[in-house]
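*Asks:* prediction below, plus the sequence it came from.
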Amino acid sequence: MKKITLLFAFIGMITLQSCTVNEVQNTQDNDTISQVFEVTRSFNSANGFTANVTFPYTIYSSDMVLVYRLSGVYQGADVWKLLPETYYFNDGTLDFRYDFDFTKYDAQIYMDGYDLPSVSAAYRTNQVFRIVIIPAGFLNKNSFSDYSNYNKTLEAFHIKADNIIKVN
């Protein structure tokens, strides 16, 4: 009887040692979503040369926010410039600049400079901005660092250009 019990114990040990569990790790990130919001704003003395853009939803405090301004069209393609964007007089001194700050609820885009009412209306009225929200999870997984190119930023963070939300 002892030999049979010993035989079953030996077979059981061999059987249990040969079992392995293969766990499949999910590499898809289902809760990290980059987003782009597009707004058109005008700057004037009445609004203090400031435009407040409320996000359609609250972002996380760890998210990164980038703002690009449509500065023109070249060979049929939109040209987006990353803020802050600065314009200088011919003598090299500051004329004006666009800049922004943000919270998890909104972004404030503003003009800064000397004699802003005299800045050409082409730079003050109907300015189109794209606000790109990049979750911190993407920043930790992605070695991308050149945010000045709008199209490459969208590509690096897997943002589709047709998913842009227009905000009033």
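*Replies:* That came through fine. Residues are numbered from 1 along each chain as shown.
*Asks:* quick one: low-confidence parts of this structure?
*Replies:* 1-32, 137-143 (pLDDT under 70).
*Asks:* pull up the pairing partners for the strand ranked longest in the chain, direction included.
*Replies:* Selection of the longest strand in the chain by residue count, based on DSSP state E, yields strand 64-74. Partner strands for strand 64-74, per DSSP bridges, with pairing direction: strand 77-82 (antiparallel), strand 127-134 (antiparallel).
*Asks:* now, of those strands, which is deepest in the fold?
*Replies:* A comparison of those by mean neighbour count, using mean count of other Cβ atoms under 10 Å, puts strand 127-134 on top with a mean of 21. Every C-beta, even on glycine, is put in place using the N, C-alpha and C of the backbone.
*Asks:* can you tell me what sits against that strand?
*Replies:* With Cβ atoms under 8 Å, 6 or more residues apart in numbering as the contact definition, strand 127-134 has outside contacts at 34-43, 51, 53, 55, 59, 63-70, 80, 83, 98, 107, 109, 150, 153-154, 157, 159, 164.
*Asks:* buried subset of those?
*Replies:* 34-37, 39, 41, 43, 51, 53, 55, 59, 63-70, 80, 83, 98, 107, 109, 150, 153-154, 157, 159, 164 (16 or more other Cβ atoms under 10 Å).
*Asks:* gap between the residue nearest to T125 when sequence neighbours are not counted and N52?
*Replies:* Counting by Cβ to Cβ, 6 or more residues apart in numbering, S42 is the residue found nearest to T125 once chain neighbours are left out, at 4.4 Å. Remark: distance between S42 and N52 (Cβ to Cβ, to the nearest Å) = 13 Å.
*Asks:* quick one: the strands in the protein?
*Replies:* If DSSP E is used as the criterion, the strands of the chain fall at 35-41, 50-54, 64-74, 77-82, 85-88, 94-102, 106-113, 127-134, 165-166.
*Asks:* adding distance to F144, write the ones you listed out as JSON lines.
*Replies:* Converted to JSON lines, the strands of the chain look like this (distance: least, Cβ to Cβ, whole Å):
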{"stretch": "strand 35-41", "distance to F144": "16"}
{"stretch": "strand 50-54", "distance to F144": "24"}
{"stretch": "strand 64-74", "distance to F144": "11"}
{"stretch": "strand 77-82", "distance to F144": "14"}
{"stretch": "strand 85-88", "distance to F144": "21"}
{"stretch": "strand 94-102", "distance to F144": "20"}
{"stretch": "strand 106-113", "distance to F144": "21"}
{"stretch": "strand 127-134", "distance to F144": "9"}
{"stretch": "strand 165-166", "distance to F144": "22"}
